[in-house]
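Colleague: got a predicted structure here, sequence first:
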Amino acid sequence: MIDQFFSQISFVDVFNFSVFVAFTLCYAYQMFYVFNVLATKPRELTAKKNHRYAVLISARNESAVIGNLIHSIKVQNYPQELIDVFVVADNCTDNTAEIAEEAGAIVFRRFNDELIGKGYALDFCIKIIRERYADRGYEAYFVFDADNVLDVNYFREMNKTFDNGALASTSYRNSKNYGSNWISAGYATWFLREAKFLSQARLNLNTSCAISGTGFFISAKIIDKVGGWKWHLLTEDIEFSTSSIIDGVRISYCPTAVLYDEQPITFRDSWNQRFRWAKGFYQVFGKYAGGLVKGIFTQSKGHRFACYDMLMTISPAMLLTIISVLFNGTIVVLGLTGAMSTGVMIASSLSSISFCLMSYLLFMFVLGVLTTFVEWDSIHSTTAKKVRYMFTFPFFMITYIPIALVALVKKAEWKPIKHSIAVSAEDIAGAEQKGAIARD
């Protein structure tokens, strides 16, 4: 009886300790990323040539914001004759197409209620461009979401990265509406952290970055090789990144090319969007994890780490937390229902659940504080809101736990997120003096 008792105690403790060790071993290298960024500045690039680009924008009922994005492209500090803007009005029921045409874009209307998603819209657009505009000699394709606006020097800076040999690159993703509420601030902080402490570190270390949703270019060489946009999972951006890294392509990052993105402000929209992301990450992991593992051992020396880094990016890390909570929660339930009578074992499980959740909250708080202070001048909001949202950021991040859990068992579909904040990059830059931008 005593031996069985200690065996049960040992099993629970060993399980929880193993989860902790596994998580630490997998992600400790990202702490080195932080120190690298704080100690190293990115190399400054120059361009010998201005290249020709096609801009791709997939828009579904984005009449409130599409004009601002196109305007921000039309006023770029870059030769306008080298930029053509193409908009896919994808299953629109409003006047998005008309507004985009008036703003100077070439518009393609797409109606397809079976192949739904940004990836299919991009493929539709690229195929038309390659058929009708092949003589224009586009060297790369830029991809933006309709709610974005660009800093006036965005193309000039990204052109430097392309001219220096990058086949794909992401950019610095800032937010239109950090100060709207704790949800938009949570998104904004996470994307700033991603740009500063992931992408910039990877750039410094000459390993591969990953494109994230919007604000990136892909060389026409890649698109021509595959014949269009072949990545159609729920997170087509992460699928492209993973597929490219497996193929030995290095994705770069341009820290001086600034894009502003609108973030959801309601929990329902946030849930729907992050639920799709979580499901998409599971899809990418299921399809490409084997290729990344193989790449860790077979890729060239400089690219092996990129495969490992990407594997850790798409690995369902949140599942380690969920597994720990579910395991220990099961022990507690069995104890409370009388199916298990080991009180010490139940106490250990309760302690483990508390430790897991508190550690996660503390880690996210430190991450949020670090990101906010390092990027203080780039966050266009009031001092009071910057301080307040450092404390709400951990609670925004902990809501990923139920989202990741539900995504394991529930089917995800594309659900449009309404955008309505129509501002320019100049408006955003002045927000700190006028107060945080809020939804009209």
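Modeller: Alright, I've got the coordinates.

Colleague: and the residue nearest to Phe305 when sequence neighbours are not counted, what does it touch?
Modeller: Nearest-residue entry for Phe305: Thr207, 5.5 Å, with adjacent residues in sequence omitted and distances by Cβ to Cβ, 6 or more residues apart in numbering. Every C-beta, even on glycine, is put in place using the N, C-alpha and C of the backbone. Applying Cβ atoms under 8 Å, 6 or more residues apart in numbering to Thr207 gives the contacts 250, 302-303, 305-306, 309.

Colleague: name the residues of stretch 202-218 that are buried.
Modeller: 202-205, 207-218 (16 or more other Cβ atoms under 10 Å).

Colleague: which residues does Trp231 contact?
Modeller: If you count contacts by Cβ under 8 Å, 6+ apart, then Trp231 has 119, 239-240, 243 around it.

Colleague: the longest strand belonging to the chain packs against which elements?
Modeller: Assignment by DSSP state E gives strand 252-261 as the longest strand of the chain. For strand 252-261, the packing partners by 3 or more Cβ pairs under 8 Å, 6 or more residues apart in numbering; DSSP states H and E come out as strand 149-150, helix 154-163, strand 168-175, helix 200-204, helix 425-429.

Colleague: reformat those as CSV; add distance to Leu82.
Modeller: Formatted as CSV, these follow (distance: least, Cβ to Cβ, whole Å):
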stretch, distance to Leu82
strand 149-150, 15
helix 154-163, 8
strand 168-175, 17
helix 200-204, 25
helix 425-429, 20
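
Colleague: just put those in TSV and tack on mean pLDDT and distance to Val366.
Modeller: Shown next, in TSV, are the helices and strands packed on strand 252-261 (pLDDT from 0 to 100; distance: least, Cβ to Cβ, whole Å):
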stretch	mean pLDDT	distance to Val366
strand 149-150	97	31
helix 154-163	98	31
strand 168-175	97	21
helix 200-204	96	17
helix 425-429	75	27
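
Colleague: quick one: closest of these to Thr313.
Modeller: Thr313 lies closest, by Cβ to Cβ, to one member of the helices and strands packed on strand 252-261: helix 200-204, at 10.5 Å.

Colleague: closest one of the contacts of Trp231 to Arg268?
Modeller: Nearest to Arg268 among the contacts of Trp231, with distances taken as Cβ to Cβ, is Gly119, at 24.1 Å.

Colleague: neighbours of that closest one, just the number please.
Modeller: 21 (other Cβ atoms under 10 Å).

Colleague: and it, which helix or strand is it part of?
Modeller: Using DSSP states H and E, Gly119 sits in helix 118-132.

Colleague: was I right about Phe197 contacting Phe32?
Modeller: No. Applying Cβ atoms under 8 Å as the test, Phe197 and Phe32 come out as separate, 10.5 Å apart.
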